[in-house]
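Asks: Below are the sequence and a predicted model for it; my questions follow.
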Amino acid sequence: MSKNSLIPDQQKGAQKDFEHRVTYTSLASAKAAFDKAKYRLLEINKWHEYGGLLSADFTLTDSNGNKIERLAALGDFIKIDIPGPSHPGGQHDWVRVEDIQYEMPDGENELLSIKLQPSHAPNEERKEKPVHFFEEDSSSSFILKREDHDVVISYHGRNEVTNTHTDEPIENARNWLIGLSAMLGFSDLQWKSLIRGIINTEE
């Protein structure tokens, strides 16, 4: 499976692409690092820890909104508490795990990807409306690869359009402010910090 097939086409709004690569001196150490990074990429509840002070808080939940202590799986929800203005009424931003792919095509190189998209909140009555500062067509894709002695992780944001069409003017204003900060590059620091934290060479 090619990298491009894992990333939605860019059609509107902003696009983000970041990559972090670490080269290891031995194949064994590269394999060990990939295995560790693979676990971290799916360990959503610790993304804040891996991303550091710049990171939002991420909580993996089931379809009822209950926190779950395991690795992410297809269809799981993720509650996001981002730095900055909160949703009216104390709501959070939500995304859903829309795709997870793992492959080892030639017995040596490996790839793990996960794609997230804005979602309604679990158990919400109006399930057609996403609760997120971006519109539902936006996506965040993470691709972790091992290429021989290299371990590479990349982040790809696609179709990032601010969600200002909710039924609540205050929520629209809040989403506009958060979306603007993302467009100006403030979210870039978070994603760069997170992908570096997933491949942590200091331990």
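Replies: Right, received. Where do you want to start?
Asks: all strands for this protein, in order.
Replies: 14-23, 57-61, 77-81, 93-103, 110-118, 139-147, 150-160 (DSSP state E).
Asks: starting at the chain centroid, how far to the first one?
Replies: A distance of 13 Å separates the C-alpha centroid of strand 14-23 from that of its chain, computed with C-alpha atoms, centre = their mean, to the nearest Å.
Asks: Just checking: what are the partner strands of that strand?
Replies: Applying DSSP bridges to the sheet, strand 14-23 is found paired with strand 150-160 (antiparallel).
Asks: What's the mean pLDDT across the partner strand?
Replies: For strand 150-160, mean pLDDT is 93.
Asks: buried stuff in that strand?
Replies: Using 16 or more other C-beta atoms under 10 Å as the test for burial, strand 150-160 gives 151-160. Glycine gets a C-beta too; all of them are placed from N, C-alpha and C.
Asks: related to what we said a few turns ago, now the strands of the chain as TSV including distance to Gly51?
Replies: Listed next are those as TSV, based on distance: least, C-beta to C-beta, whole Å:
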stretch	distance to Gly51
strand 14-23	12
strand 57-61	9
strand 77-81	12
strand 93-103	15
strand 110-118	15
strand 139-147	12
strand 150-160	11
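Asks: wait, which of those strands is closest to Lys31?
Replies: Ranking the strands of the chain by their distance to Lys31 (criterion: C-beta to C-beta) puts strand 139-147 first, at 6.8 Å.
Asks: So for the closest one, mean pLDDT?
Replies: On average, strand 139-147 scores 95.
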